[in-house]
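K.L.:
Please find the sequence and the predicted model below.
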Amino acid sequence: MHYDYLIVGAGLYGAVFAHEAMAKGKRVLVIDRRSHIAGNVHTQLQNDIWVHKYGAHIFHTSDERVWAYVNRFATFNRFVNSPVAIWNDELYNLPFNMNTFSKMWGIRTPQEAREIIERQRSEAGTGEPRNLEEQAIRLVGRDIYEKLIKGYTQKQWGRPCTELPAFIIRRLPVRFTYDNNYFNDTHQGIPVGGYTAMVERLLQGAEVRLNLTYRDYLEANASAAEPDTFDKVLYTGAIDEYFGYRLGALEYRSLRFEEETLEGCDNFQGNAAVNYTSADVPYTRIIEHKHFEFGTQPDTVITREYPAAWKPGDEPYYPVNNEKNDALYQQYRALAEAEKNVIFGGRLGEYRYYDMDKVILAALNRADEELS
Ligand code: UDP
């Protein structure tokens, strides 16, 4: 069989590109090493609850093109992410806003909050923040840093905040209003019926083969009586893995999910996401999946998320975008440029801490360039 594109990875990037290619009359073959499509946004129905199998995914965007695009493939519900954080026995609203400040300091007005933060911030100096700790204290002062940021971040990334880049914490809004919406984006929601159904619609018409690694596919194809041929490859796996780690391994953070079904418990924690910010609790958060869809089922499914070190062979989740890794990525990028007829894309292919909407936008832009 001849294909215009062999697409490695059935996650969001691969699925959007596949859809766009098919819309232009191209023939695609999509392969994935896992037993299911949708990559890390995969959802599965358990006890009548859509479970996010690889951690919570809340779709949010301010990009009108992306929002219109995803709405072609799914209906989004009215979910707004408002996690709470537990530090020892104290509970705070996230992101950092007047509810957090009021609980932390027993104050009511933005003026009072600003004064406290200003006082604590002046200790952190005035230069450009050199690391996450300095950036965090600059944004919200030392109390919030110590209780809600330090332990959580060190657990998630496996290293002290003084050794992490400042940009990670700039993902979070800081607001002087009583607004618990974790995101600033114009649009937000969860696809009704799960993300996998959305990806299934994107992939409609594509030939998809699961449980198949790129390497195994190439090997089997090479020895087939009538091998497939394809003009180009779109590769969305890890870029260092593609090159056999020949320049060394890029670092990733991994995660371990401990899922529990609580039969007969209809509401375990009253919220979709509860973060555990103390350093001595080994997990970073507990997700209660039914609350993503305002579920009223008699049972509940919860997932504890444990950050984990990563080594080749483990699932990579987060690229560790520090100077060392970004420099190594640039070297891999140079190899990738020289690789004829292979496009690298997505969180792993581009080694970027991409949100879902940014992945979709990148895939659409790539498809525009490639298919016009
Ligand atoms: N963060 C934090 N405390 C929290 C939640 C987040 O300090 O309770 C910081 C932490 O540095 C983390 C970053 O914000 O790495 C982004 O966290 P988020 O949970 O939004 O990232 P996700 O894993 O959902 O992409």
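P.N.:
Thanks, I have it. This is a predicted model, so every value here is computed, not measured.

K.L.:
how close does the residue of the chain most remote from its centre sit to Y217?
P.N.:
The centre of the chain is farthest from one residue, A225, which by CA atoms, centre = their mean lies 40.6 Å away. Noted for A225: a distance of 16 Å to Y217, by CB to CB, to the nearest Å. Where C-beta positions appear, they are placed from N, C-alpha and C, glycine not excepted.

K.L.:
quick one on the thing from earlier: from K324, how far off is the residue farthest from the centre of the chain?
P.N.:
47 Å.

K.L.:
Show me what from the stretch 101-250 of the chain comes close to the ligand.
P.N.:
Taking CB under 6 Å from any ligand atom as the measure of proximity, the stretch 101-250 of the chain contacts the ligand at L148, I149, Y152, T153, Q156, I168, I169, R171, L172.

K.L.:
redo that, cut-off 8 Å
P.N.:
132, 136, 148-150, 152-153, 156-157, 161, 164, 168-169, 171-172, 182 (CB under 8 Å from any ligand atom).

K.L.:
thinking again about what came up before, check what pLDDT the residue farthest from the centre of the chain gets.
P.N.:
At A225, the model reports a pLDDT of 97.

K.L.:
now swap in R170 and tell me
P.N.:
Per-residue confidence (pLDDT) for R170: 86.

K.L.:
Distance of the residue nearest to it when sequence neighbours are not counted relative to Y332?
P.N.:
Using CB to CB, 6 or more residues apart in numbering and skipping the chain neighbours, the partner closest in space to R170 is Q135 (6.9 Å). Here Q135 is placed at a distance of 28 Å from Y332 (CB to CB).

K.L.:
what kind of secondary structure is the residue nearest to Q46 when sequence neighbours are not counted in?
P.N.:
Take Q46 and drop its neighbours on the chain: the residue closest to it by CB to CB, 6+ apart is V301, 5.6 Å away. Following DSSP: H, G, I helix; E, B strand; the rest coil, V301 is assigned to strand.

K.L.:
Number of residues surrounding V301?
P.N.:
V301 has 24 neighbouring residues, counting by other CB atoms under 10 Å.

K.L.:
just to revisit the earlier point, check which residues of the helix or strand hosting the residue nearest to R170 are buried.
P.N.:
In the assignment (DSSP states H and E), Q135 maps to helix 132-144. Neighbour counts over helix 132-144 (16 or more other CB atoms under 10 Å) mark L132, E133, E134, Q135, A136, I137, R138, L139, V140, G141, R142, I144 as buried.

K.L.:
Surely the fourth one and R171 touch.
P.N.:
No. Distance between Q135 and R171: 11.1 Å, which falls outside the contact criterion (CB atoms under 8 Å).

K.L.:
these two touch, right, F243 and Y332?
P.N.:
Yes. Counting by CB under 8 Å, F243 touches Y332, with 6.2 Å between them.

K.L.:
Which residue of these two possesses the greater neighbour count?
P.N.:
Per other CB under 10 Å, whichever of F243 and Y332 has more neighbours is Y332, with 21 against 14.

K.L.:
What ranges does the stretch 251-372 of the chain have for its strands?
P.N.:
Secondary structure of the stretch 251-372 of the chain (DSSP state E, counting those that start in this stretch): strands at 252-262, 273-276, 285-288, 300-308, 318-319, 342-344.

K.L.:
For the longest one, the averaged confidence score.
P.N.:
Per-region confidence: strand 252-262 scores 97 on mean pLDDT.

K.L.:
helices or strands up against it?
P.N.:
If you count contacts as 3 or more CB pairs under 8 Å, 6 or more residues apart in numbering; DSSP states H and E, strand 252-262 packs onto strand 300-308, strand 318-319.

K.L.:
swap in the fifth one?
P.N.:
With contacts defined as 3+ CB pairs under 8 Å, 6+ apart, the secondary structure elements packing on strand 318-319 are strand 252-262.
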